[in-house]
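Asker: please work out how this folds:
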Amino acid sequence: MVAAAAATLALGAVVALQPPVNSELGRRTSDLGAAFISVAVTFLLVGAIFVIFGDLGSLSKVRDVPLIYLTGGLYGALFVGVSLVTVRYLGAGLTIALLIAAQLAVAALLDHFGVLGLDQIELSPARVLGMVALIAGVVLMSLDL
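Answerer: I've put the predicted structure just below:
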């Protein structure tokens, strides 16, 4: 569990780089061009890793997967496209703070109701307080705008 938490923290740090990097790419090309390049690089990298280490036969199982579980790439594309524009107006810190606050609120509800294959985890008072504290932090970060 400690290794998973450390890896997730490291990934969170790297994800904070994505909107400003993609935004600058958008300035140097175009917003849609930057979104395309970002998603294409992801596709190529994950594709290469899958070809080298994955089980190619597992892709045949996709026809039995409910449609909702095929929408992850859509969310990633929306993240890339929207955040590369909003970071110009909000800055990296507030953009990421807003993204995290929204992610936490939705994730807590997903856990609470046990949807999308998740184990049900009650929305306890401590979890609600954590969300309130995060939202307060977002509000404080936005006061400079």
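Asker: now Ala97, nearest residue through space, not along the chain?
Answerer: Val138 (4.7 Å; C-beta to C-beta, 6 or more residues apart in numbering). Any C-beta I mention is one placed from the backbone N, CA and C, and that applies to glycine too.
Asker: okay, and that neighbour sits in which element?
Answerer: Val138 belongs to helix 125-142 when assigned by DSSP states H and E.
Asker: need the contact list for Leu32.
Answerer: Residues in contact with Leu32 (C-beta atoms under 8 Å, 6 or more residues apart in numbering) are Gly81.
Asker: any stretches of the chain with poor pLDDT?
Answerer: 145 (pLDDT under 70).
Asker: quick one, longest helix in it?
Answerer: For the chain, the longest helix by residue count, based on DSSP state H, is helix 72-113.
Asker: and the angle from it to helix 125-142?
Answerer: Here the directions of helix 72-113 and helix 125-142 differ by 130 degrees (axes from the mean of the first three to the mean of the last three C-alpha atoms, to 10 degrees).
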